[in-house]
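> got a predicted structure plus its sequence, pasted below:
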Amino acid sequence: MHISIVGSGYVGTTIAACLADLGHEVTNIEIDETIVEKINAGEAPIHEPGLEERIAEHAGTRLRATTDYDAVCDTDLTFLCLPTPQHDDGSLDLSIMQAASESLGDALAAKAGSHLVVVKSTVLPGTTTDVVGPIVSERSGKAIGAPDGLELAMNPEFLRMGTAVEDFLEPEKIVVGATSEDAATTLRVLYEPMVETSASFVETGVREAELIKYANNAFLASKVSLVNELGNIAKAYGVDAYEVLEAVGLDDRISDRFMRSGLGWGGSCFPKDVNALRAGARQQGYEPALLDAVVKVNDGQPRRLVDLLAQHVDIEGSQIAVLGLSFKPGTDDVRDSRALVVIDSLLERGATVVAYDPVARDALDRQYPRYTDLEGLTFADEVEGALEGADGAIVATDWPEFDDMDASVFERMAHKVLVDGRRIDIEPERANLDVYEGLTW
Ligand SMILES: NC(=O)c1ccc[n+]([C@@H]2O[C@H](COP(=O)([O-])OP(=O)(O)OC[C@H]3O[C@@H](n4cnc5c(N)ncnc54)[C@H](O)[C@@H]3O)[C@@H](O)[C@H]2O)c1
Ligand SMILES: O=c1ccn([C@@H]2O[C@H](COP(=O)(O)OP(=O)(O)O[C@H]3O[C@H](CO)[C@@H](O)[C@H](O)[C@H]3O)[C@@H](O)[C@H]2O)c(=O)[nH]1
């Protein structure tokens with residue numbers, strides 16, 4: 001198929017490279033020229049395992065990028081992979097979706113045949129049919145469902161950062177809500193390779209497809225918050241939460257996945273999606289008491305970790321190493337990373353911070369420029385540099401390389417105190433620390 005993808009960030013770039021890999025002709029339409037240049041040069045604009053080699057292989061042949069929306073006219077369908085951020089009050093901000101829908105509609109006015117528009121961004125029920133559809137239809141002059149007109153579908157994405165390529169190519173489920181049988185069939189054909197190998201194909205209503213995505217993320221975020229609440233209680237009893245939850249996870253109804261307690265959930269999805277769902281629920285007249293508590297527990301974890309450090313180190317005037325910036329390992333994405341909340345809290349309490357992350361330094365400059373020259377915060381190029389002369393250290397991201405830290409690295413610290421928000425796989429005897437304490441164990 002000839003596929004256009006509007007928005008070439010973490011989702012749009014990943015699915016473009018993967019669809020090209022599956023043999024499709026793919027065009028990324030992106031407003032950021034740097035991203036366009038990178039893709040056309042065969043380079044990945046983000047850090048994501050398996051992405052760089054796919055882009056390198058297909059750029060210039062089956063994969064290309066452009067800032068020009070007119071390219072949609074040479075394609076059969078368009079995926080919208082645009083940001084859906086939150087307003088200050090947590091509610092869903094659709095302004096980017098609206099602006100891109102206008103540009104898409106303007107371009108489609110020049111296309112002779114019908115066109116399928118697929119919303120992949122995470123959006124609340126009604127967005128595809130009541131916001132995106134009418135804008136594209138009005139601007140293109142194509143009626144929804146008419147011959148040579150527009151077809152609409154909502155196809156939420158469940159990939160995770162760090163395993164995005166694998167998740168897209170071997171998903172557990174594919175959810176499609178479409179306004180016509182033809183649209184659903186096109187997507188069923190597109191996803192056939194995934195259905196053959198791993199995925200359940202769920203065909204449902206458009207509004208249901210939209211809500212499935214939020215329900216999925218709300219469920220996972222709630223599970224981590226519950227695990228963190230249980231972890232906090234375990235810690236208060238002097239009990240190892242990981243031992244407790246490992247046993248709990250043996251119950252099939254609960255499962256052993258998403259059972260890691262600690263610093264809490266961050267990233268570009270859970271925080272904004274749980275907030276959009278809470279705000280949406282309120283707009284519909286429902287008070288989401290449980291989801292409010294899920295956020296409250298999550299918000300408390302970074303402070304609890306800094307409090308734990310304060311039991312061993314006088315934070316004011318001290319030098320603290322923060323290990324990890326990305327919101328989880330395997331990605332350079334720092335959006336809503338708990339590591340940043342920890343850094344803010346340490347700086348507020350009068351510490352100086354030396355932070356280290358194996359890949360996220362550039363993304364931090366891009367996503368949160370305010371940290372670039374923030375007083376009291378510097379960055380090290382390696383873990384040793386962050387620990388040099390430190391009065392204490394915090395593990396904020398469970399990068400595998402931190403598992404290998406041993407006495408030779410910790411000897412550089414002024415005081416060998418490590419508090420761990422992620423339960424890295426460190427060997428206490430090899431590490432020879434004076435203090436090693438976990439947040440929930
Ligand atoms: N990141 C994830 O793990 C993930 C997973 C599943 C779903 N989602 C959802 O997918 C959507 C996209 O997420 P993302 O992480 O890829 O976002 P992103 O911010 O990484 O990428 C979005 C891209 O769209 C571009 N853009 C903005 N306005 C544009 C316009 N008018 N025309 C063309 N391009 C434009 C931006 O420059 C950016 O490169 C969101 O709704 C998100 O919730 C994200
Ligand atoms: O047991 C766990 C599992 C996760 N986390 C944290 O939860 C956050 C989210 O982790 P994860 O879900 O692995 O990463 P994302 O890439 O944000 O993926 C989520 O958000 C995406 C965007 O919507 C969805 O597509 C995915 O299905 C959904 O898992 C991270 O901060 C993790 O550190 C924990 O603290 N404990």
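On my side now, so go ahead. Residues are numbered from 1 along each chain as shown. Ligands and ions are numbered 1, 2, ... in the order given.
> please count neighbours and contacts with C-alpha atoms only from this point.
Fine.
> doesn't Gly12 belong to a strand?
No. Counting by DSSP: H, G, I helix; E, B strand; the rest coil, one finds Gly12 to be helix, located in no strand.
> quick one, what contacts it?
Ile5, Val6, Asn28, Cys81, Leu82 (CA atoms under 8 Å, 6 or more residues apart in numbering).
> contacting residues for the last one?
Neighbouring residues of Leu82 by CA under 8 Å, 6+ apart: Val6, Gly7, Ser8, Gly9, Gly12, Ile96, Met97, Ser121.
> what about Pro147, neighbour count?
12 (other CA atoms under 10 Å).
> with adjacent residues omitted, what lies nearest to it?
Ser114 (6.7 Å; CA to CA, 6 or more residues apart in numbering).
> so that neighbour touches Ala143, yeah?
No. In this structure, Ser114 is not within contact of Ala143 by CA atoms under 8 Å, at 9.6 Å.
> can you work out which residues contact both of the two?
With CA under 8 Å, 6+ apart as the test, Ser114 and Ala143 both reach Gly149, Leu150.
> just the buried members of the contacts of Leu82?
Val6, Gly7, Ser8, Gly9, Gly12, Met97, Ser121 (16 or more other CA atoms under 10 Å).
> any idea how far the closest residue to the last one other than its chain neighbours is from Ile424?
Closest residue to Ser121 in three dimensions, ignoring its sequence neighbours and counting by CA to CA, 6+ apart: Cys81, at 5.1 Å. Remark: distance between Cys81 and Ile424 (CA to CA, to the nearest Å) = 34 Å.
> higher neighbour count, these two?
Neighbours per residue, other CA under 10 Å: of Cys81 and Ile424, the larger number sits with Cys81, 27 against 18.
> thinking again about what came up before, for ligand 2, state which of the contacts of Leu82 is nearest.
Ser121 (8.9 Å; CA to the nearest ligand atom).
> who touches that closest one in this structure?
Leu80, Cys81, Leu82, Pro83, Thr84, Pro156, Glu157.
> biggest separation within the contacts of Gly12, which pair?
Maximum pairwise distance among the contacts of Gly12 (CA to CA): 11.7 Å, between Asn28 and Leu82.
> list residues touching both of those two?
Joint contacts of Asn28 and Leu82 (CA under 8 Å, 6+ apart) are Val6, Gly7, Ser8, Gly12.
> so which of those reach ligand 1?
Val6, Gly7, Ser8, Gly12 (CA under 6 Å from any ligand atom).
> what's the separation between the last one and Arg139?
Distance check for Gly12 against Arg139: by CA to CA, it reads 23 Å.
> try Ile394
52 Å.
> more neighbours: which of these two?
Ile394 (25 against 17).
> pretty sure the more buried one sits in a helix.
No. According to three-state DSSP, Ile394 belongs to no helix; its state is strand.
> for it, what are its contacts?
Counted by CA under 8 Å, 6+ apart, Ile394 has contacts Leu309, Ile320, Ala321, Val322, Leu323, Leu418, Val419, Asp420, Gly421.
> great, nothing more from me.
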